[in-house]
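> everything below, folded, please.
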Amino acid sequence: MAGAGRQVRLRVLGDVDLATPTLQRMRTRLGGPATVRDRAGAIVRLDDGPPTVLLYEEGGAAHLWAGEGTVRRVDRERVRPHDEPAPHDVLAIAVELRTFASLRAGTRVSFGGPDGEAEEGTLVERCRLGGLVARDDGSVLGVGFRRLRAAGVGS
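Numbering: from 1, shown residues only. All right, here's what the predicted structure looks like:
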C-alpha cells in the first residue's frame, strides 16, 4: 500500500493544555461576544419570583442574574418587568451591568487585577458578561462586568 508506513499523530482533546488561557476560552467564559443590550440591566422578575437583573436576551431566551458567577437561562416570555422597589443587592448588580454596557472597545478601564490590586488597561472586546482587557504590558485578561469601569471613575 502506498503511504501505509507513514503515521501522523493528530492532536486530540487529551493533548490540549486546558489550563493555558486563550482569548477564545476567555471570550467563552465571559458569555461570548456582546450582542444588542437594549434591556441589559433591567430589573425584572421570573414569573412571580423575586426581582433579579436581566443580563442579556438572545432569541427566545432571557439570561438572568442568579447569584455570583451564575446565570439562569429561561424562556423570554416568563420574564416580567419589576415595577416595585428592589433590594439593594439587586440594584447594585443592575447599576454595575449598565455601567459595563456603556463601555466601548478602546475605552481606558480600571479593574481589580488577579492579585486584588487596582489596575488599568484598554477594553479590547466587550463580551456578554465581561470584557477582554489589554494591560499596558501587552497581556490580555478576561474581566467580569462587576469589576470593570471607566478609568478615573470611583468604585
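> output the contacting helices and strands for the one helix or strand in the chain whose mean pLDDT sits lowest.
Least confident element among the helices and strands of the chain, by mean pLDDT, DSSP states H and E: helix 23-29 (a mean of 85). Where contact means 3 or more CB pairs under 8 Å, 6 or more residues apart in numbering; DSSP states H and E, helix 23-29 is packed against strand 130-135, strand 140-144. Yep, even glycine has a C-beta here, placed from its N, CA and C like the rest.
> what stretches of this structure score poorly on pLDDT?
Scanning the chain for pLDDT under 70 picks out the ranges 1-21, 35-38, 153-155.
> what are the ranges of the helices in it?
23-29, 88-101 (DSSP state H).
> just name the most buried of those helices.
Stretch with highest mean neighbour count among the helices of the chain: helix 88-101 (a mean of 17; mean count of other CB atoms under 10 Å).
> outside of that one itself, list whatever touches it.
Contacts of helix 88-101 from elsewhere in the structure, counted by CB atoms under 8 Å, 6 or more residues apart in numbering, are 37, 40-43, 51-53, 55, 65, 86, 126, 130-131, 145-146, 148-150, 153.
> give me the most central residue, this protein.
residue 129 (1.5 Å; CA atoms, centre = their mean).
> not counting sequence-adjacent ones, nearest residue to it?
residue 31 (4.0 Å; CB to CB, 6 or more residues apart in numbering).
> still on that earlier bit, can you give me how far the least confident helix or strand of the chain is from the chain middle?
Here helix 23-29 is found 10 Å from its chain centre; the criterion is CA atoms, centre = their mean, to the nearest Å.
> quick one: residues in contact with that helix.
Here helix 23-29 has contacts from 33, 125, 127, 132, 140-142, using CB under 8 Å, 6+ apart.
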